[in-house]
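Novice: Sequence unavailable; structure follows:
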(Lines give C-alpha, C1' and ligand atoms only; values in the text may rest on other atoms or scores of the structure.)
Protein backbone atom coordinates (compact mmCIF):
# COMPACT_ATOMS: atom_id res chain seq x y z
CA UNK A 1 0.00 0.00 0.00
CA UNK A 2 1.38 3.41 -1.03
CA UNK A 3 1.34 6.51 1.14
CA UNK A 4 -1.59 7.79 -0.94
CA UNK A 5 -3.52 4.54 -0.42
CA UNK A 6 -3.11 4.83 3.34
CA UNK A 7 -4.28 8.45 3.33
CA UNK A 8 -7.30 7.60 1.19
CA UNK A 9 -8.26 4.71 3.45
CA UNK A 10 -8.13 6.99 6.50
CA UNK A 11 -10.26 9.67 4.80
CA UNK A 12 -12.86 7.13 3.74
CA UNK A 13 -13.00 5.73 7.26
CA UNK A 14 -13.38 9.28 8.63
CA UNK A 15 -16.34 9.84 6.33
CA UNK A 16 -18.00 6.56 7.27
CA UNK A 17 -17.64 7.34 10.98
CA UNK A 18 -18.36 11.06 11.09
CA UNK A 19 -20.03 12.00 7.81
CA UNK A 20 -19.18 14.89 5.51
CA UNK A 21 -19.72 17.52 8.23
CA UNK A 22 -16.34 16.51 9.63
CA UNK A 23 -14.63 17.69 6.42
CA UNK A 24 -13.61 21.14 5.24
CA UNK A 25 -14.67 21.96 1.68
CA UNK A 26 -11.28 21.13 0.19
CA UNK A 27 -11.23 17.81 2.07
CA UNK A 28 -14.71 16.90 0.82
CA UNK A 29 -13.62 17.68 -2.73
CA UNK A 30 -10.41 15.73 -2.22
CA UNK A 31 -12.45 12.72 -1.08
CA UNK A 32 -14.74 12.91 -4.11
CA UNK A 33 -11.78 13.09 -6.48
CA UNK A 34 -10.42 9.82 -5.10
CA UNK A 35 -12.97 8.09 -7.32
CA UNK A 36 -11.85 9.75 -10.55
CA UNK A 37 -8.12 10.33 -10.07
CA UNK A 38 -6.27 7.15 -9.03
CA UNK A 39 -2.90 6.99 -7.31
CA UNK A 40 -2.42 10.75 -7.10
CA UNK A 41 -2.60 13.18 -4.18
CA UNK A 42 -5.90 14.93 -4.89
CA UNK A 43 -5.52 17.51 -2.10
CA UNK A 44 -3.61 20.01 -4.30
CA UNK A 45 -6.10 19.45 -7.11
CA UNK A 46 -8.97 20.24 -4.73
CA UNK A 47 -7.26 23.45 -3.62
CA UNK A 48 -6.65 24.50 -7.22
CA UNK A 49 -10.30 23.91 -8.10
CA UNK A 50 -11.54 25.99 -5.17
CA UNK A 51 -9.09 28.78 -5.99
CA UNK A 52 -10.21 28.78 -9.63
CA UNK A 53 -13.99 28.66 -9.03
CA UNK A 54 -14.24 30.35 -5.63
CA UNK A 55 -16.38 27.84 -3.73
CA UNK A 56 -17.56 24.25 -3.67
CA UNK A 57 -20.79 25.32 -5.39
CA UNK A 58 -18.72 27.08 -8.03
CA UNK A 59 -16.73 23.92 -8.70
CA UNK A 60 -19.82 21.70 -8.97
CA UNK A 61 -21.58 24.22 -11.22
CA UNK A 62 -18.67 24.73 -13.59
CA UNK A 63 -18.80 23.34 -17.16
CA UNK A 64 -16.69 20.23 -17.71
CA UNK A 65 -14.51 22.01 -20.26
CA UNK A 66 -13.64 24.70 -17.70
CA UNK A 67 -12.90 22.12 -15.00
CA UNK A 68 -10.41 20.40 -17.30
CA UNK A 69 -8.40 23.62 -17.56
CA UNK A 70 -7.34 23.09 -13.93
CA UNK A 71 -4.10 21.18 -13.54
CA UNK A 72 -4.72 17.58 -12.54
CA UNK A 73 -8.35 17.45 -13.70
CA UNK A 74 -8.91 15.04 -16.56
CA UNK A 75 -12.03 13.93 -18.36
CA UNK A 76 -13.13 11.45 -15.71
CA UNK A 77 -12.83 13.95 -12.86
CA UNK A 78 -14.60 16.68 -14.86
CA UNK A 79 -17.46 14.30 -15.69
CA UNK A 80 -17.81 13.20 -12.07
CA UNK A 81 -17.89 16.77 -10.75
CA UNK A 82 -20.36 17.86 -13.44
CA UNK A 83 -22.65 14.95 -12.57
CA UNK A 84 -23.19 15.79 -8.88
CA UNK A 85 -25.75 18.62 -9.09
CA UNK A 86 -27.85 17.09 -11.88
CA UNK A 87 -27.83 13.80 -9.97
CA UNK A 88 -29.04 15.51 -6.78
CA UNK A 89 -31.67 17.39 -8.79
CA UNK A 90 -32.91 14.11 -10.30
CA UNK A 91 -33.05 12.54 -6.84
CA UNK A 92 -35.08 15.43 -5.42
CA UNK A 93 -37.53 15.38 -8.32
CA UNK A 94 -38.15 11.62 -7.99
CA UNK A 95 -38.15 11.39 -4.19
CA UNK A 96 -41.89 10.83 -3.95
CA UNK A 97 -44.06 8.40 -5.89
CA UNK A 98 -47.14 10.43 -5.04
CA UNK A 99 -48.82 12.56 -7.72
CA UNK A 100 -47.46 16.10 -7.87
CA UNK A 101 -50.17 18.64 -7.07
CA UNK A 102 -49.43 22.24 -8.06
CA UNK A 103 -52.65 23.85 -6.86
CA UNK A 104 -51.11 26.95 -5.33
CA UNK A 105 -48.16 29.31 -5.50
CA UNK A 106 -46.31 27.70 -2.58
CA UNK A 107 -46.51 24.21 -4.11
CA UNK A 108 -45.49 25.47 -7.55
CA UNK A 109 -42.57 27.45 -6.15
CA UNK A 110 -41.27 24.45 -4.20
CA UNK A 111 -41.55 22.17 -7.23
CA UNK A 112 -39.66 24.49 -9.53
CA UNK A 113 -36.99 25.32 -6.95
CA UNK A 114 -36.18 21.61 -6.92
CA UNK A 115 -36.34 21.40 -10.71
CA UNK A 116 -33.86 24.27 -11.12
CA UNK A 117 -31.59 23.20 -8.24
CA UNK A 118 -27.96 23.71 -9.25
CA UNK A 119 -28.87 24.65 -12.83
CA UNK A 120 -26.60 27.38 -14.22
CA UNK A 121 -28.01 27.60 -17.73
CA UNK A 122 -31.30 29.37 -18.33
CA UNK A 123 -34.31 27.26 -19.26
CA UNK A 124 -38.05 27.64 -19.64
CA UNK A 125 -40.39 24.85 -18.53
CA UNK A 126 -44.09 24.28 -19.14
CA UNK A 127 -45.99 22.32 -16.48
CA UNK A 128 -49.31 20.97 -17.76
CA UNK A 129 -52.00 20.42 -15.11
CA UNK A 130 -55.46 18.90 -14.87
CA UNK A 131 -58.43 20.76 -13.41
CA UNK A 132 -57.37 19.89 -9.84
CA UNK A 133 -53.78 21.01 -10.28
CA UNK A 134 -52.30 17.54 -10.74
CA UNK A 135 -49.13 17.61 -12.82
CA UNK A 136 -49.71 15.70 -16.05
CA UNK A 137 -46.32 16.40 -17.62
CA UNK A 138 -43.55 18.98 -17.45
CA UNK A 139 -41.91 19.95 -20.74
CA UNK A 140 -38.70 21.82 -21.40
CA UNK A 141 -40.05 24.62 -23.56
CA UNK A 142 -36.84 26.46 -24.39
CA UNK A 143 -33.15 26.87 -23.63
CA UNK A 144 -31.82 30.33 -22.94
CA UNK A 145 -33.30 33.39 -21.30
CA UNK A 146 -36.87 34.31 -22.06
CA UNK A 147 -35.74 37.47 -23.85
CA UNK A 148 -32.96 35.73 -25.77
CA UNK A 149 -34.83 32.74 -27.16
CA UNK A 150 -37.64 32.49 -29.65
CA UNK A 151 -40.49 30.96 -27.66
CA UNK A 152 -42.41 28.60 -29.91
CA UNK A 153 -46.03 29.37 -29.03
CA UNK A 154 -47.29 26.58 -31.24
CA UNK A 155 -45.27 23.98 -29.32
CA UNK A 156 -46.47 25.36 -25.97
CA UNK A 157 -50.08 25.10 -27.12
CA UNK A 158 -49.52 21.62 -28.60
CA UNK A 159 -47.97 20.40 -25.34
CA UNK A 160 -51.05 21.47 -23.41
CA UNK A 161 -53.45 19.90 -25.89
CA UNK A 162 -51.45 16.67 -26.07
CA UNK A 163 -51.76 16.26 -22.29
CA UNK A 164 -55.40 17.28 -22.19
CA UNK A 165 -54.34 20.04 -19.78
CA UNK A 166 -56.80 22.40 -18.17
CA UNK A 167 -54.05 24.76 -17.02
CA UNK A 168 -50.38 25.53 -17.50
CA UNK A 169 -47.66 26.98 -15.29
CA UNK A 170 -44.57 28.43 -16.91
CA UNK A 171 -41.28 28.57 -15.04
CA UNK A 172 -37.80 29.76 -15.83
CA UNK A 173 -34.66 30.51 -13.87
CA UNK A 174 -32.41 33.53 -13.50
CA UNK A 175 -28.89 32.15 -12.89
CA UNK A 176 -27.81 35.73 -12.15
CA UNK A 177 -29.43 35.28 -8.73
CA UNK A 178 -32.15 37.92 -9.06
CA UNK A 179 -35.70 36.60 -9.37
CA UNK A 180 -37.32 39.90 -10.32
CA UNK A 181 -39.20 39.71 -13.65
CA UNK A 182 -37.98 41.75 -16.59
CA UNK A 183 -40.17 43.57 -19.09
CA UNK A 184 -39.51 40.69 -21.52
CA UNK A 185 -40.62 38.17 -18.88
CA UNK A 186 -43.92 40.01 -18.51
CA UNK A 187 -44.40 40.41 -22.25
CA UNK A 188 -43.72 36.73 -22.95
CA UNK A 189 -46.06 35.67 -20.14
CA UNK A 190 -48.95 37.66 -21.58
CA UNK A 191 -48.27 36.29 -25.08
CA UNK A 192 -48.44 32.71 -23.76
CA UNK A 193 -51.57 33.57 -21.76
CA UNK A 194 -53.32 34.78 -24.92
CA UNK A 195 -52.13 31.81 -27.02
CA UNK A 196 -53.37 29.25 -24.49
CA UNK A 197 -56.66 31.06 -23.96
CA UNK A 198 -57.54 30.55 -27.64
CA UNK A 199 -57.68 26.78 -27.01
CA UNK A 200 -59.41 26.98 -23.64
CA UNK A 201 -56.34 26.40 -21.46
CA UNK A 202 -55.47 28.76 -18.64
CA UNK A 203 -52.00 30.08 -17.85
CA UNK A 204 -52.30 30.23 -14.08
CA UNK A 205 -48.78 31.34 -13.19
CA UNK A 206 -45.25 32.03 -14.32
CA UNK A 207 -42.64 31.22 -11.67
CA UNK A 208 -39.18 32.76 -11.80
CA UNK A 209 -36.54 30.95 -9.73
CA UNK A 210 -33.23 32.40 -8.58
CA UNK A 211 -30.83 31.53 -5.78
CA UNK A 212 -33.24 29.27 -3.89
CA UNK A 213 -36.02 31.86 -4.06
CA UNK A 214 -38.89 32.44 -6.47
CA UNK A 215 -41.31 35.08 -7.68
CA UNK A 216 -44.84 34.42 -8.90
CA UNK A 217 -46.09 36.64 -11.70
CA UNK A 218 -49.64 35.72 -10.72
CA UNK A 219 -49.04 37.02 -7.20
CA UNK A 220 -47.44 40.10 -8.75
CA UNK A 221 -50.80 40.83 -10.39
CA UNK A 222 -49.78 40.18 -13.99
CA UNK A 223 -52.17 37.23 -14.34
CA UNK A 224 -55.72 36.79 -13.01
CA UNK A 225 -55.86 34.96 -9.65
CA UNK A 226 -56.59 31.25 -9.68
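Specialist: Okay, I see it. These figures come from a predicted structure and were not determined experimentally. Numbers count the residues shown, from 1 in each chain.
Novice: Can you give me the domain boundaries for the chain?
Specialist: 3-92, 96-216 (automatic domain parsing).
Novice: pLDDT (mean, whole number) over the shortest one?
Specialist: Across domain 3-92, the average pLDDT comes to 91.
Novice: Next, please give the residue ranges for the strands of the protein.
Specialist: 123-129, 135-143, 167-173, 202-210, 213-216 (DSSP state E).
Novice: for this protein, which helix is longest?
Specialist: The longest helix of the chain (DSSP state H) is helix 75-93.
Novice: Show me what that helix is packed up against.
Specialist: If you count contacts as 3 or more Cβ pairs under 8 Å, 6 or more residues apart in numbering; DSSP states H and E, helix 75-93 packs onto helix 25-33, helix 56-61, helix 64-67, helix 105-115. Any C-beta I mention is one placed from the backbone N, CA and C, and that applies to glycine too.
Novice: Show me which residues of it are buried.
Specialist: For helix 75-93, the neighbour count (16 or more other Cβ atoms under 10 Å) marks 77-78, 80-82, 85, 89 as buried.
Novice: any idea of the angle that helix forms with strand 135-143?
Specialist: 140 degrees (axes from the mean of the first three to the mean of the last three Cα atoms, to 10 degrees).
Novice: and residue 69, which of the strands of the chain is closest to it?
Specialist: strand 135-143 (23.9 Å; Cβ to Cβ).
Novice: tell me the mean pLDDT over that closest one?
Specialist: Averaging pLDDT along strand 135-143 gives 92.
Novice: try stretch 118-125
Specialist: 86.
Novice: Need the contact partners of it.
Specialist: Stretch 118-125 is contacted by residues 60-61, 85-86, 88-89, 112, 115-116, 138-146, 148-149, 151, 170-175 when judged by Cβ atoms under 8 Å, 6 or more residues apart in numbering.
Novice: re the thing from before, just how off-centre is the longest helix of the chain within its chain?
Specialist: Chain-centre distance of helix 75-93: 11 Å, with Cα atoms, centre = their mean, to the nearest Å.
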